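# For reference, the sequence and a predicted model appear below.
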Amino acid sequence: MRRAERGSRTENRKGRVKPPFRLPAPLPQTPWPGALSVVPSTVVDMDGMGVRSTTGLGTAEGGPADPVAARRRAERRAARITSGARELEQRLTDLLRGGLATAGRTGYGPWEETAARMVDAQAPGLAGRVRELGAIPGSGPGWPVRLLEECALTHLLGRAWLTADRLPAPFATTVRTRIGLPSPVAGAPVRDHWLVLAQYDTGDTRLTTRRVWLYGTTGGRTALVLSYGAAGRAPGLSLPVGAVLDGELTPHAGSGQVRAEPGERFVPVAGPAAPPPGGPVGEALDAYGRALREDPWLDAWPVTLDGVVPARAEYGWQLADADGREALPLTSGARSHPGLWRLVALSGGAPVTVFGDCGHRGFTPLAAWSPEAPAETVPLL
């Protein structure tokens with residue numbers, strides 16, 4: 001996996017923008033000056049059937065996949081997931097019959113055992129939710145309420161999988177994605193000038209995931225591009241925050257889906273770009289509520305807050321409307337991140353524009369703009 005290196009973005013007297021990044025040799029030269037080739041991110045498939053690329057189809061050797069064999073593998077995996085979902089339903093039923101208080105006495109072991117069985121069933125999405133359930137009893141006061149809420153969402157996901165053939169097609173695709181099956185691309189590519197809003201990495205012992213948020217300055221679409229690398233290694237795709245790039249994105253299927261697949265290359269575009277249009281806190285909460293109708297398991301939704309002020313409250317930091325009418329608390333992770341102080345310094349007590357994730361745990365700021373420099377994107381992660 002090759003890592004794209006980032007350089008400085010400068011402008012000469014004629015207004016031509018030098019490429020803000022370069023790719024190390026021996027990648028082939030792109031036909032357009034300053035163009036960024038998207039490096040395919042190759043990862044081990046979760047079902048252990050081989051290797052897949054996030055930007056191409058076919059086998060690891062480059063040949064076409066056998067559709068009959070692929071269908072048989074998919075059917076076998078679906079049968080294993082169905083068996084795992086039914087087992088998980090029984091586990092949740094036993095928990096509720098015995099009382100939630102028993103979860104605090106049995107410890108994490110039974111949950112980890114159940115999660116391992118979901119991994120064996122090739123349902124990594126269910127396994128992840130089970131591990132979250134196991135961690136709730138040790139999360140502090142009020143944990144029984146949180147455990148009941150998460151058990152309900154896990155039950156909803158299991159039942160949705162078992163009845164997926166009776167669900168609307170877009171929602172059924174979302175259910176399959178939440179279970180852990182690959183999210184397919186659908187629809188025509190969307191070409192636009194994309195403003196890079198944020199880029200950050202998360203990882204575990206096996207995989208590094210890079211999230212890149214983009215905003216189409218012409219079409220007004222917000223999109224999420226994911227790329228992957230082995231644990232401890234940066235994924236191949238790297239886009240500089242604040243740059244404006246001409247390129248194509250193909251959206252993924254599913255209701256409430258913001259993920260998209262990048263085209264072969266992005267080309268830097270000269271000139272500043274304003275931040276996405278935003279609104280007050282109330283509009284952000286309404287947007288998250290509408291997104292939950294399409295995907296009940298959604299932890300957060302991308303929104304832009306306009307005219308908000310970082311302020312310290314009794315429970316921690318929050319982003320409040322300038323008129324003080326409503327406020328959003330920051331998530332615990334955002335409150336402990338150095339980007340918070342960058343945001344406070346940028347604001348200086350005055351209203352700013354902030355892009356980030358709005359969810360049931362609060363708001364995570366990812367980028368900000370000040371009224372004095374609206375074309376300068378300040379990364380917060």
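Okay, I see it.
# what comes up buried for whatever helix or strand Glu261 lives in?
Per DSSP states H and E: Glu261 is located in strand 260-262. For strand 260-262, burial by neighbour count (16 or more other Cβ atoms under 10 Å) applies to 260-262. Bear in mind the C-beta positions are built from the backbone N, C-alpha and C, glycine included.
# Render the CA-only coordinates of the helix or strand just after it in CSV, please.
Per DSSP H and E, the first helix or strand lying C-terminal to strand 260-262 is strand 265-268. Presented in CSV, the C-alpha positions along strand 265-268 are these (Å, rounded to 0.1, in the frame of the first residue of the first chain):
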residue,chain,number,x,y,z
ARG,A,265,-8.3,10.7,-10.1
PHE,A,266,-9.0,14.1,-8.6
VAL,A,267,-7.6,17.3,-10.1
PRO,A,268,-6.9,20.4,-8.0
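# and the helix or strand following strand 265-268, which residues are buried?
Under the assignment DSSP H and E, the closest C-terminal helix or strand after strand 265-268 is helix 281-294. Residues of helix 281-294 classed as buried: 281, 284-285, 287-288, 291 (neighbour count, 16+ other Cβ under 10 Å).
# can you check stretch 258-278 too?
In terms of neighbour count (16+ other Cβ under 10 Å), stretch 258-278 has its buried residues at 258-262, 265-269, 273, 275-276, 278.
# can you check stretch 294-314 too?
Of all the residues in stretch 294-314, those buried under the rule 16+ other Cβ under 10 Å are 295-298, 300-310.
# Likewise for stretch 185-205?
In terms of neighbour count (16+ other Cβ under 10 Å), stretch 185-205 has its buried residues at 190, 192-199, 203.
# Pick the one among the buried residues of helix 281-294 closest to Ala186.
In terms of Cβ to Cβ, no member of the buried residues of helix 281-294 lies closer to Ala186 than Ala291, at 18.3 Å.
# can you pull out the strands in the stretch 251-381 of the chain?
Using DSSP state E, counting those that start in this stretch, the strands found in the stretch 251-381 of the chain span residues 260-262, 265-268, 300-313, 316-321, 327-329, 352-359, 362-370, 373-379.
# Save those strands as a markdown table, and put in mean pLDDT too.
Listed next are the strands of the stretch 251-381 of the chain as a markdown table, based on pLDDT from 0 to 100:
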| stretch | mean pLDDT |
| --- | --- |
| strand 260-262 | 94 |
| strand 265-268 | 91 |
| strand 300-313 | 96 |
| strand 316-321 | 96 |
| strand 327-329 | 96 |
| strand 352-359 | 97 |
| strand 362-370 | 97 |
| strand 373-379 | 94 |
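# Tabulate the ones you listed (JSON lines), appending distance to Glu150.
JSON lines is the format used below for the strands of the stretch 251-381 of the chain (distance: least, Cβ to Cβ, whole Å):
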{"stretch": "strand 260-262", "distance to Glu150": "29"}
{"stretch": "strand 265-268", "distance to Glu150": "38"}
{"stretch": "strand 300-313", "distance to Glu150": "16"}
{"stretch": "strand 316-321", "distance to Glu150": "22"}
{"stretch": "strand 327-329", "distance to Glu150": "20"}
{"stretch": "strand 352-359", "distance to Glu150": "14"}
{"stretch": "strand 362-370", "distance to Glu150": "17"}
{"stretch": "strand 373-379", "distance to Glu150": "31"}
